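[1] Build the 3D model from these lines:
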Amino acid sequence: MKTTSLEHKINVFNRPVNYLIILTLICMTACKPHLSLSGATIPPEAKTISVGFFVNNSALGAPSLSQRFTEKMRDVMSQQTSLALIKTGGDLQFEGYIQDYQVVPIATQSNDQAGMNRLTIKVNVKYTNRFDASKNFDEPFSAFVDFDSTTDIAASEAQLVQEIYRQITENVFNKAFNNW
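    Numbering: from 1, shown residues only. Purely as a prediction, here's the structure:
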């Protein structure tokens with residue numbers, strides 16, 4: 001006795017293994033983990049994020065430090081989360097200030113001149129999570145880059161600061177969303 005195409009399709013669904021596969025697929029599509037593209041854990045009820053302007057309270061540094069850090073934070077949050085970036089009052093909020101900017105010698109040469117210098121920037125960040133106050137923090141983050149003492153700081157500052165800001169924003173993001 002030969003089975004028709006329709007009978008064959010019906011027989012496929014009568015096998016217990018096929019039910020298990022279908023059930024697994026349904027469960028996988030029904031579960032929605034709340035992760036960003038970076039793998040960060042974001043509260044499922046959060047829809048918006050805001051990054052306030054980070055004022056430069058350090059005695060040194062270029063006038064553009066505040067604007068550049070604020071933009072870097074906004075870029076990181078909008079690129080690595082699916083939350084809507086708004087100016088103020090987000091479900092998740094970042095604010096703070098640039099606390100310190102300094103260049104110090106770190107290695108001397110034989111003639112007591114600096115062989116290497118270190119640029120360090122410290123930013124104080126306050127994070128507020130409206131849904132879980134235990135995740136809130138208000139603390140400093142700092143990073144540094146070393147450069148040859150013969151390098152003109154004015155000519156290379158933009159690149160050095162960009163690297164420091166990358167490190168700091170990565171650390172802030174990890175602290176807020178990866179519980180580091």
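[2] Which parts of this structure are strands?
    With DSSP state E, the ranges of strands along the chain come out as 48-51, 55-56, 84-86, 92-108, 114-129, 137-148.
[3] strands paired with the third one, and their directions?
    So that's strand 84-86. Strands flanking strand 84-86 in the sheet, each with its direction: strand 48-51 (parallel) (DSSP bridges).
[4] How about residues contacting the partner strand?
    70, 73-74, 77-78, 81, 83-95 (C-beta atoms under 8 Å, 6 or more residues apart in numbering). Every residue, glycine included, has its C-beta placed from N, CA and C.
[5] got the strands of the chain as JSON lines, with mean pLDDT, distance to I168 and mean neighbour count columns?
    Supplementary listing: the strands of the chain in JSON lines, determined by pLDDT from 0 to 100; distance: least, C-beta to C-beta, whole Å; neighbours: other C-beta atoms under 10 Å:
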{"stretch": "strand 48-51", "mean pLDDT": "98", "distance to I168": "13", "mean neighbour count": "21"}
{"stretch": "strand 55-56", "mean pLDDT": "96", "distance to I168": "14", "mean neighbour count": "18"}
{"stretch": "strand 84-86", "mean pLDDT": "96", "distance to I168": "19", "mean neighbour count": "14"}
{"stretch": "strand 92-108", "mean pLDDT": "93", "distance to I168": "10", "mean neighbour count": "17"}
{"stretch": "strand 114-129", "mean pLDDT": "94", "distance to I168": "6", "mean neighbour count": "18"}
{"stretch": "strand 137-148", "mean pLDDT": "96", "distance to I168": "5", "mean neighbour count": "15"}
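[6] Using a markdown table, please lay out the ones you listed together with distance to L160.
    As requested, these are arranged in a markdown table below (distance: least, C-beta to C-beta, whole Å):
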| stretch | distance to L160 |
| --- | --- |
| strand 48-51 | 22 |
| strand 55-56 | 16 |
| strand 84-86 | 27 |
| strand 92-108 | 9 |
| strand 114-129 | 5 |
| strand 137-148 | 5 |
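[7] quick one: which of those strands is nearest Q162?
    strand 137-148 (9.6 Å; C-beta to C-beta).
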